[in-house]
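Undergrad: Give the three-dimensional model of this entry:
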Amino acid sequence: MRAGDEAGARAALEAYKQWSAHAATPESRALLARCRGLADSAEDAFGEALRLHTNPFEAARTALLLGERLRRAQRPGEARAHLRTAWETFEQAGARPWARRALEELRAAGESGQAPPAAVLDALTPQELRIAGLVADGLSSRQIAARLFLSPRTVEYHLYKIYPKLGIGSRTDLARLVVLQKAPVAGDDML
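TA: Alright, predicted model coming up:
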């Protein structure tokens with residue numbers, strides 16, 4: 001639809017309808033609703049998709065599309081909440097191109113775009129937060145242990161508890177999340 005090929009978009013929608021009839025998962029129904037929203041310019045289809053999504057990243061993509069639609073329909077106040085949600089999710093996921101697109105739309109809707117709240121890291125204990133910061137600085141478990149007067153095994157135990165709290169699975173993800181939460185968003189050059 002964005003490329004101006006309405007016939008191609010409708011054919012793709014029909015093919016997806018046939019495929020998703022057999023998939024019958026909430027996420028497949030959410031994606032079908034999002035596709036209907038794109039093809040038919042139906043805001044209610046985007047709302048249905050947002051209710052059905054089980055994947056936060058896909059929900060953010062839908063929120064971005066709905067926010068874009070609302071902003072272009074001269075409803076920036078309604079658009080901002082969706083665009084802010086999308087931007088924060090993309091930022092936390094480290095999805096820079098998506099975050100940039102959402103931030104541009106958010107600014108066009110009249111919001112400056114402040115850094116996402118640090119609520120994600122608020123789930124950590126003070127000791128876990130110190131360890132997460134040292135991981136972000138590039139220290140190994142042995143180096144962190146020496147600095148905090150702990151055993152390397154204790155550091156690994158804390159990391160084992162940190163990962164599920166933040167919904168991540170690696171030191172790289174942890175470092176990225178800590179950096180994103182600490183870095184102020186000054187402009188597009190940060191994205």
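Undergrad: For the rest of this, base every contact and every neighbour count on C-alpha atoms.
TA: Will do.
Undergrad: The residue of the chain positioned farthest from its centre: what's it in contact with?
TA: What lies farthest from the middle of the chain is residue 149; by CA atoms, centre = their mean that is 35.8 Å. With contacts defined as CA atoms under 8 Å, 6 or more residues apart in numbering, residue 149 has no neighbours.
Undergrad: Likewise for the one 10 residues further on?
TA: Taking CA under 8 Å, 6+ apart as the contact definition, residue 159 lies against 128, 131, 132.
Undergrad: where's it, which helix or strand?
TA: Residue 159 is located in helix 152-166, with elements delineated by DSSP states H and E.
Undergrad: quick one: average pLDDT of that helix?
TA: In this model, helix 152-166 has a mean pLDDT of 90.
Undergrad: In CSV, list the C-alpha atoms belonging to the next helix or strand after that helix.
TA: Sequence-wise, the next helix or strand downstream of helix 152-166 (DSSP H and E) is helix 171-182. Taking Å, rounded to 0.1, in the frame of the first residue of the first chain, the C-alpha atoms of helix 171-182 are listed here in CSV:
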residue,chain,number,x,y,z
ARG,A,171,25.6,-10.0,28.3
THR,A,172,25.3,-8.1,25.0
ASP,A,173,21.6,-7.5,25.5
LEU,A,174,22.2,-6.4,29.1
ALA,A,175,24.9,-4.0,28.1
ARG,A,176,22.7,-2.5,25.3
LEU,A,177,19.8,-2.1,27.7
VAL,A,178,21.9,-0.4,30.4
VAL,A,179,23.4,2.0,27.8
LEU,A,180,19.9,2.8,26.4
GLN,A,181,18.5,3.5,29.9
LYS,A,182,21.4,5.7,30.9
